[in-house]
Structure formats: structure tokens, C-alpha cells
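Peer 1: fold the stuff below for me.
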Amino acid sequence: MKRRYYFLIGLALIVGAVFLSACQTETAVSAPELAVTVTPDTAVYRQKVDAAEAAYQSSQFDEAMALAKEAVQLKPGDETAWSIYQQAAVAAVGDDYLRNLPDHRYRKDTLHFLADQANGMQYAIIDVREPDEYAADHIENAVNIPLHDLLQNLDLLPESKSAPILLYCHTQKRATHALVVLRELGYTNVWNLDGGWAAYQEWTAVNPLPTPGPTATPEPEPPSC
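Peer 2: I've put the predicted structure just below:
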């Protein structure tokens, strides 16, 4: 399980960094189950590796994983095929995540978050900042789970993976990494607070809290770059 979680955190850092820089991910990679080791035919092994590499370069990630797995079974001691398998698995998860981003990229602005609450939606609010940041001030009813401790505290999340979860940090960067990890773990209704705690404070300082009733749907975001 630790290997699964470390892989997901690595993926979150990669995807989150790419996502944030543009605007300012079976999920875990586990070793393929190996067949009984056979005496490798070097030529066949090389063909499998080359074909896997070509499929990876052509963005055929599932095919690349299948070919690399066959090569690993031929020659388990060679790292080349296993390396291609890992890369293709990471790329497959990342590709699936990016292709399924909605218009608002799993972001909920302060107005719509508070309007949801006014209309009775019960979010599990997770503050992924450090304890001293949380102690200074935080959103009412938020639970503090620092980002680096997130996967050791999944018991603090809702039992249902379809329950609404709102993540926030100071400016949204740490929460973006947490969101990617939780989405890849199967939580289907996870959102980032757009702009983080800083944006929340700024909005609530000058606006009255929403009351029950309809709230305008946000316009789809324009291209970020």
C-alpha cells in the first residue's frame, strides 16, 4: 500500500505542477505479475522493448504497458522494460486525468461553495495547510490534515467516495496535489477552493454570506494559455 501511495503523491506533484504553471493519476504502478522465468530469446526481448518504446512515444500507453509486461516476463532482471512499463503507467493515469478535466477543473469559488452550504450541501472541508496555519484561522468546521499526512488519515474522509469534499490551502497549490491524489483514489466529488484561503478571506471581507436560493452558474473558463 505504501508503494501505491508514494506513486500517487509523485503523480500529484507532476500533474499539479504542470496544471498550476499553465495557469500562473489500476492507479498505482505495481510490478507486473511475472510468469515463470524462461530463458530469454534476446532478439524477441529486444523486439518487445523496441515496440513498447515506440508505442509509448506514440502515446499508446496501454499498448506500451502490455508490450513492456511481456518483455519483463521474458527477462525480469533487465530494468529497461520495467522502466518503460512505469513510464507508460504514469502517462496513462495522467492522460486520463487531464482528458476528463471539467470546465472549472474541479475548482469551486467562494461564492458557490458558500451558496452550496446555504442550500444544505454538507461538504467535508479539509484544510491541507500546516497545523500552525490552521490554528491561526480556518474555515468553520474544516478538518486539518496537512498535505504530507493526507494518505495516513484517509479515515478522516467521508466513508462514501461520492460525498462532497472541499480541499483548501493558502493559495490552492497544495490543495491541487491533494485533489489529484484523492481523485485517483476514487473520490468522485472532490473540489478545490478556488484561490484558497487567501481568496476566501478576501471575498468574505467585502461580501455578505449567500442565502438559500439559486446562484448563477459560473461561466466556462477561457483557455488558460
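Peer 1: which residue packs closest to C169, ignoring adjacent ones?
Peer 2: A175 (4.5 Å; C-beta to C-beta, 6 or more residues apart in numbering). C-beta coordinates here come from the backbone N, C-alpha and C atoms, glycine included.
Peer 1: just the helices in the chain please.
Peer 2: Secondary structure of the chain, counting by DSSP state H: helices at 2-23, 42-57, 61-74, 79-99, 110-118, 131-136, 173-184, 196-206.
Peer 1: what number of residues lie near T110?
Peer 2: 21 (other C-beta atoms under 10 Å).
Peer 1: pretty sure it contacts W203?
Peer 2: Yes - counting by C-beta atoms under 8 Å, T110 touches W203, with 4.1 Å between them.
Peer 1: shaky segments in the chain?
Peer 2: 1-40, 98-104, 215-225 (pLDDT under 70).
Peer 1: can you tell me how far the residue positioned nearest the centre of it is from S160?
Peer 2: By C-alpha atoms, centre = their mean, the chain has its centre lying nearest to V180, at 1.1 Å. According to C-beta to C-beta, to the nearest Å, V180 stands 20 Å off from S160.
Peer 1: A81 too?
Peer 2: A81 is 39 Å from S160, by C-beta to C-beta.
Peer 1: these two: which is more packed in?
Peer 2: The residue with more neighbours, out of A81 and S160, is A81; 24 against 11, by other C-beta under 10 Å.
Peer 1: wait, doesn't that one sit right on A64?
Peer 2: No - between A81 and A64 there is no contact under C-beta under 8 Å: 10.3 Å.
Peer 1: and for these two, which residues touch both?
Peer 2: A52 (C-beta atoms under 8 Å, 6 or more residues apart in numbering).
Peer 1: K108: what's it in contact with?
Peer 2: 116, 166, 191-194.
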